[in-house]
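Colleague: Below: sequence and its predicted model.
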Amino acid sequence: GGSMRFGTWLEWERHTGVQDLSSHSFEYIALLKSWEHLWPMLVHLVDARLNRANLQRSYAGSRGSLNLVMALVSYLVFGSVWESLMVVDKGANTLIKYNQPMEWTTSKLLARAGVNMDDVLAALKVSSLPEDIIFSTGQKLMM
């Protein structure tokens, strides 16, 4: 979405990031952003390797499907908490923070799909939904 709005990923990143990257090359920014997003996974792999015996003992006898569900739920909860504390500030949402097209708001996406927002709110028994809930949840599921 950012490249749709700014033309290229590089221009989107220069407008979105909290660091001033305007004078840096594409290669530098790509390496920096790759590191920012990959290091947590690398740490998990190292941790799993170093603590293999403890992990095997901890998960012995448990069902794999239950472990998978718990891992996914904890990932989504962690992502949501991180987002609410770090990304969404001063009334902004993830669409604004990440310079995404406003056509991706919850109300506009539901309208494009022919779904009435009032029906969704009534079914969920809530008065409103965050305008970035579809985008934010989709991002987490894609990761």
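Modeller: Thanks, I have the structure now. Only a predicted model underlies this, so the values are computations on that prediction, with no experimental measurement involved.
Colleague: in what helix or strand does residue 100 lie?
Modeller: Using DSSP states H and E, residue 100 sits in no helix or strand.
Colleague: got any ranges where this protein has weak pLDDT?
Modeller: 1-2, 17-19, 87-91 (pLDDT under 70).
Colleague: Who are the packing partners of the helix ranked longest in the chain?
Modeller: As assigned by DSSP state H, the longest helix anywhere in the chain is helix 26-50. The contact analysis (3 or more Cβ pairs under 8 Å, 6 or more residues apart in numbering; DSSP states H and E) places helix 26-50 against helix 9-16. Bear in mind the C-beta positions are built from the backbone N, C-alpha and C, glycine included.
Colleague: Just the C-alpha atoms of the helix it packs on, please, in PDB.
Modeller: Coordinates of each C-alpha in helix 9-16 appear next as PDB, following Å, rounded to 0.1, in the frame of the first residue of the first chain:
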ATOM      1  CA  TRP A   9       9.000   1.200  -1.300                       C
ATOM      2  CA  LEU A  10      12.000   3.400  -0.700                       C
ATOM      3  CA  GLU A  11      10.000   6.600  -0.900                       C
ATOM      4  CA  TRP A  12       7.300   5.100   1.400                       C
ATOM      5  CA  GLU A  13      10.000   4.100   3.900                       C
ATOM      6  CA  ARG A  14      11.500   7.600   3.800                       C
ATOM      7  CA  HIS A  15       8.100   9.100   4.600                       C
ATOM      8  CA  THR A  16       7.100   6.500   7.200                       C
END
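Colleague: any idea of the angle it forms with helix 26-50?
Modeller: With axes from the mean of the first three to the mean of the last three Cα atoms, to 10 degrees applied, the angle from helix 9-16 to helix 26-50 works out at 80 degrees.
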